[in-house]
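Participant: coords please:
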Amino acid sequence: MSLLSTIRSKAASLSLFDPAKSEPKPSRDEIFQSSFRLPPDAVLEAAISIELSLDRSSSIFFPGKLMLSQSFLVFDSIEPRACSFAIPLVAMKRVERLASKTYLFALFIETMHGHKLNLQFVGLRSQIEDFCARLKANLRANMSRMRLLRDFLPTLYSEYMLSDPALSPSKQIRTSSSSSSRDPPPGGLGQLFKYPGDARKLRDKSKLRLWAEYMRDHGRNLTLVRLPTFQKLIRVGLPNVLRGEIWELTSGSMFLRLANPNLYTSLQKEFEGRTSLAIEEIEKDLNRSLPEYPAYQSDEGIERLRRVLTVYSWRNESVGYCQAMNIVVAALLIYMSEEQAFWCLSMLCDHLVPGYYSQTMYGTLLDQRVFEALVEKTMPILWDHLVKSDIQLSVVSLPWFLSLYVNSMPLTFAFRILDVFFLEGPKVLFQIGLAILRINGEELLDVSDDGSFISILKDYFTRLGDSAHPSSQNEKLREVTKFQELMVVAFREFSVITDDIISEQRRKHKSHVLDGIENFAKRTQLRNLHKTGKLTPEDLSNVYDRFFQALQSSRLGLGPTKPYMDIDTFQIFMHGLASWAVEPHDFLARLFHRWDTELQGGLTLQDVVTGLGAIKQEDIMSAMAYFFELYDEDGDGKVDREGILQMSEGLLYITRNLTPRVVSDLDGATASSSSPPPTATSSSSSSSTPNASDPNASATPTPQYDYLSSVSAFIQRAFEYATPDDLPASTQLIDAPATKANIALDPNHPRHITLPTFRMVVLADEALERFFTHDFADSIKVTPAKGALRQKGTLRELFDSLVSDSVRVAGEVKRRIDEMERQAREQQAREDAMAIRAAAAQGESLHIQQQILLKQQQQEMERRRKEEEEEEEDDDESADKDVLEGLEIEVPGVASKESAGSELL
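Facilitator: Residues are numbered from 1 along each chain as shown. The predicted model follows:
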């Protein structure tokens with residue numbers, strides 16, 4: 001063992017650092033995958049600085065970093081959201097080197113859709129050449145996968161929409177209603193049962209026209225380049241026919257579907273007709289999935305939903321099926337095909353919201369704690385009111401997060417939230433939730449119970465389409481709906497809620513949430529245990545901790561990795577309870593198979609508790625019978641010659657490190673618990689036994705010697721009193737003919753012992769008698785598992801106390817500064833009032849008031865003039881412009897990004 005390993009093990013034993021509670025930082029590859037929604041096998045091979053231009057003649061350059069994996073070329077600009085792309089190498093049509101006077105190296109890339117990228121490399125020549133060599137090798141390695149595009153591209157609506165070259169550039173757009181010889185690709189249920197909402201009110205055609213223009217200029221699906229307009233187009237809402245494809249692109253599930261062609265179909269065929277517990281749960285929830293949508297009142301919609309949920313339950317058996325998963329998949333299937341929805345669900349469960357849909361739902365519970373912490377920080381008055389009124393915020397917010405708002409508000413508005421969620425990630429769920437509470441804060445401060453709290457928010461969701469300012473004199477402001485107000489508050493006032501803040505809060509509260517889940521699961525399982533024998537409640541608690549500690553390396557709250565303990569794990573488990581279980585042995589294997597009552601090759605917690613309870617009972621007759629039955633393999637009440645030898649080996653295995661109990665004889669001297677009877681071997685062993693009358697002799701005999709001599713005597717007596725197999729049943733053992741001493745080595749005369757004979761041999765030896773009375777049961781010590789209880793006074797707690805003290809001091813300093821500023825403002829106000837009174841005394845007050853009124857009139861006239869200059873245009877181009885300008889609406893009372901950030905920080 002190295003010095004570093006020794007220090008780490010000692011630190012863990014001192015509980016200064018608890019490895020179970022430490023949160024490993026994500027690796028470079030994990031950050032790379034999550035940042036660009038790449039498949040889990042995407043490994044960052046190289047990265048280099050470049051300047052990107054989207055056309056040879058363009059004078060706009062985006063400095064940033066170019067990254068390469070085995071299947072993707074990724075770019076991210078230095079300025080956030082200015083420009084980025086993640087293009088599969090199979091989607092690149094041509095790559096060539098350009099001559100450049102200002103750069104060492106430049107590349108020209110043309111995608112399969114004809115869009116051109118100019119890459120001007122910045123760096124050392126050796127780094128540039130290495131990057132280009134890797135790029136060349138990966139392009140060659142991906143050439144064989146280009147055939148996947150032949151079947152993949154026709155499934156995308158953007159290909160159908162922009163594929164007709166006969167259409168003019170300004171009108172190069174087709175919808176599903178356009179006349180064409182080619183049918184649109186298979187999509188969601190909306191193609192058959194219509195999409196939710198009024199397409200005219202949602203301005204669906206204008207949005208589709210904007211997307212067609214963007215995709216012609218900046219690529220589509222696999223080759224799309226993301227510019228600031230891309231985010232704006234998503235925030236104003238996606239057109240119905242493109243929504244499924246954009247969800248697939250922004251979530252990253254499009255890359256999974258490309259890399260795994262036909263997997264959904266093959267899984268469907270492989271598991272067709274099978275049943276499981278997850279499928280039974282799925283059947284219960286099918287008819288409760290968005291019943292307000294017509295498709296889920298028909299067999300077509302129900303069958304699609306059943307197939308997607310069933311195939312996913314087989315592919316990810318550790319998750320199977322979880323509550324609210326049916327709601328989310330039902331929403332996806334309105335805009336996606338079955339295969340698209342399947343891969344999007346996989347991306348959701350594994351990457352976007354991990355732990356939301358799991359056996360313990362730890363991800364949802366953790367985010368509820370994070371959400372409460374953010375409410376406490378951003379809206380302290382509302383939070384204090386909820387705490388004083390004993391209102392549980394999670395009763396309302398848990399369904400929001402679990403169903404991604406789909407089951408909480410009208411579908412047309414919920415899908416707008418999903419549009420942004422797939423692009424920006426889980427932080428959107430928190431921003432929307434905080435905005436809901438902020439907008440309804442005044443009403444919520446008047447409620448005093450959970451029912452009224454829920455009622456106010458339900459009423460708010462039903463009125464999301466109403467005007468947010470119906471009594472306003474400004475016509476533009478009257479057109480602003482409550483949902484638009486919600487989006488502006490969420491993404492402007494709460495824009496400071498970033499992914500880093502969410503991750504930090506999750507790390508902070510994760511241990512506490514997992515402890516709560518584990519304690520609840522522990523209490524439930526311990527309450528259902530039976531046949532516990534003489535195990536105390538504390539013993540059962542310790543057995544539970546050690547059982548799951550040996551079963552898995554991750555926290556139990558994250559979900560068990562397997563339901564049963566195999567024999568290898570059982571040996572680790574027993575090593576923590578018994579000092580003699582240091583290495584694998586035949587005796588441990590016999591214990592394992594004895595405890596496996598269901599013959600399933602694994603032990604449950606109930607099996608382990610029942611087995612330990614049988615061993616821990618201090619009844620010598622039952623203990624001897626239990627030990628004998630371990631070696632009576634066929635259950636006929638007999639143990640043959642090989643069984644006797646294995647029985648003696650088992651006794652030696654257990655007793656080699658045990659110390660026999662010592663008792664006082666009549667003379668008061670301490671004697672050994674092992675007193676071999678006068679046999680052939682006792683004379684030779686007595687010479688080595690310490691003499692009680694010798695003052696230099698040890699008071700306690702050597703334990704190994706005592707048990708060794710007792711087991712040796714056990715072997716001799718067992719064969720001496722064993723019954724020959726050919727002896728008539730009527731013959732008594734005492735009448736059996738004398739046998740020669742070396743019985744064990746005579747295979748021609750097989751012999752066996754029965755339970756009465758075994759008991760007689762054991763009771764003839766005082767050490768073995770005490771072994772079965774006390775020592776065997778006492779050798780198994782059900783002590784607390786290491787790490788189950790956290791010790792106080794660790795270095796981490798010392799650091800935490802220092803940090804909390806510094807925060808408290810900083811808060812006190814800030815409070816004093818604020819108090820001084822408030823006093824200064826009050827003093828200034830008093831001086832201004834005195835000046836006004838003095839001016840009034842001199843007759844100047846009227847003049848001041850006139851100036852103020854004149855200034856207000858001028859401001860009002862200027863505002864009206866600007867409003868009159870804003871004329872509505874009826875043509876399509878002005879309508880498209882209005883769609884984008886919808887992001888820039890001003891809502892009274894909403895703080896700007898800078899002011900809101902300063903308040904939160």
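Participant: pLDDT score for the closest residue to Leu348 other than its chain neighbours?
Facilitator: Nearest residue to Leu348, sequence neighbours excluded (Cβ to Cβ, 6 or more residues apart in numbering): Val328, at 6.9 Å. Placement of C-beta: from N, CA and C, glycine included. pLDDT, Val328: 96.
Participant: A helix includes Val328, no?
Facilitator: Yes - under DSSP: H, G, I helix; E, B strand; the rest coil, Val328 falls within a helix.
Participant: List the residues that contact it.
Facilitator: 345, 348, 403-404, 406 (Cβ atoms under 8 Å, 6 or more residues apart in numbering).
Participant: Next, the closest residue to Tyr564 other than its chain neighbours: phi, psi?
Facilitator: With sequence-adjacent residues excluded and distances taken as Cβ to Cβ, 6+ apart, Tyr564 is closest to Gly602, at 2.6 Å. Main-chain dihedrals, Gly602, degrees, to the nearest 10: phi -160, psi 160.
Participant: swap in Pro185?
Facilitator: phi -60, psi 150.
Participant: picking that back up, surely the residue nearest to Tyr564 and Trp595 touch.
Facilitator: No - the pair Gly602 / Trp595 is not scored as a contact, 10.2 Å apart, by Cβ atoms under 8 Å.
Participant: which of these two has more neighbours?
Facilitator: Higher neighbour count among Gly602 and Trp595: Trp595, with 20 against 16, using other Cβ atoms under 10 Å.
Participant: Was I right to think that one contacts Leu603?
Facilitator: Yes - between Trp595 and Leu603 there is a contact at 5.5 Å, judged by Cβ under 8 Å.
Participant: sorry, back to before: next one, pLDDT for the residue nearest to Tyr564 please.
Facilitator: Looking at Gly602, the pLDDT reads 85.
Participant: Now for Trp595 and Leu603: what residues contact both?
Facilitator: Residues touching both Trp595 and Leu603 (Cβ under 8 Å, 6+ apart): Gly611.
Participant: Look up how far Met92 lies from the residue lying closest to Ser77 once chain neighbours are set aside.
Facilitator: Excluding the flanking residues, the one nearest Ser77 by Cβ to Cβ, 6+ apart is Gly64, at 3.8 Å. Counting by Cβ to Cβ, to the nearest Å, the separation of Gly64 from Met92 is 19 Å.
Participant: For the stretch 651-800 of the chain, give me the ranges with low pLDDT.
Facilitator: Across the stretch 651-800 of the chain, the ranges flagged by pLDDT under 70 are 657-706, 726-748, 786-800.
Participant: Apply 90 and report the result again.
Facilitator: Across the stretch 651-800 of the chain, the ranges flagged by pLDDT under 90 are 651-753, 758, 761-762, 764-800.
Participant: now do the stretch 101-250 of the chain
Facilitator: By pLDDT under 90, the low-scoring segments of the stretch 101-250 of the chain are 101-106, 122-125, 162-184, 186.
Participant: if we go to 50?
Facilitator: 166-172, 175-180 (pLDDT under 50).
Participant: What segments of it are strands?
Facilitator: Per DSSP state E, counting those that start in this stretch, the stretch 101-250 of the chain carries strands over the ranges 106-111, 116-122.
Participant: Including mean neighbour count and distance to Val782, could those go into JSON lines?
Facilitator: Listed next are the strands of the stretch 101-250 of the chain as JSON lines, based on neighbours: other Cβ atoms under 10 Å; distance: least, Cβ to Cβ, whole Å:
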{"stretch": "strand 106-111", "mean neighbour count": "18", "distance to Val782": "65"}
{"stretch": "strand 116-122", "mean neighbour count": "19", "distance to Val782": "65"}
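Participant: now the ones you listed as CSV including distance to Arg288?
Facilitator: As requested, the strands of the stretch 101-250 of the chain are arranged in CSV below (distance: least, Cβ to Cβ, whole Å):
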stretch, distance to Arg288
strand 106-111, 44
strand 116-122, 48
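Participant: so how far does stretch 770-785 reach from one end to the other?
Facilitator: 28 Å (Cα to Cα, to the nearest Å).
Participant: Please list the residues outside that stretch that contact it.
Facilitator: Taking Cβ under 8 Å, 6+ apart as the rule, stretch 770-785 contacts 535, 539, 542-543, 545-546, 549, 576-580, 612, 615-618, 620, 623-624, 627, 651, 654-655, 658, 660-661, 673, 707, 710, 762.
Participant: Mind giving me the ChimeraX command for buried ones among those residues?
Facilitator: The ChimeraX command for the buried members of the contacts of stretch 770-785 (criterion: 16 or more other Cβ atoms under 10 Å) is given here:
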select :535,539,542,543,545,546,549,576,577,578,580,612,615,616,620,623,624,627,651,654,655,658,660,673,707,710,762
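Participant: Take the contacts of stretch 770-785 and keep only those in helices.
Facilitator: Residues of the contacts of stretch 770-785 located in helices (DSSP state H): 539, 542-543, 545-546, 549, 612, 615-616, 620, 623-624, 627, 651, 654-655, 707, 710, 762.
Participant: For the closest residue in space to Leu189 that isn't next to it in sequence, give its distance to Leu540.
Facilitator: Using Cβ to Cβ, 6+ apart and skipping the chain neighbours, the partner closest in space to Leu189 is Ala295 (4.0 Å). Noted for Ala295: a distance of 51 Å to Leu540, by Cβ to Cβ.
Participant: cool, and Tyr707?
Facilitator: 31 Å.
Participant: ditto for Met361
Facilitator: Distance from Met361 to Leu540, by Cβ to Cβ: 26 Å.
Participant: name the element the closest residue to Met621 other than its chain neighbours belongs to?
Facilitator: The shortest distance from Met621 to any non-neighbouring residue, by Cβ to Cβ, 6+ apart, is to Arg759 (7.3 Å). Counting by DSSP states H and E, the element that carries Arg759 is helix 755-763.
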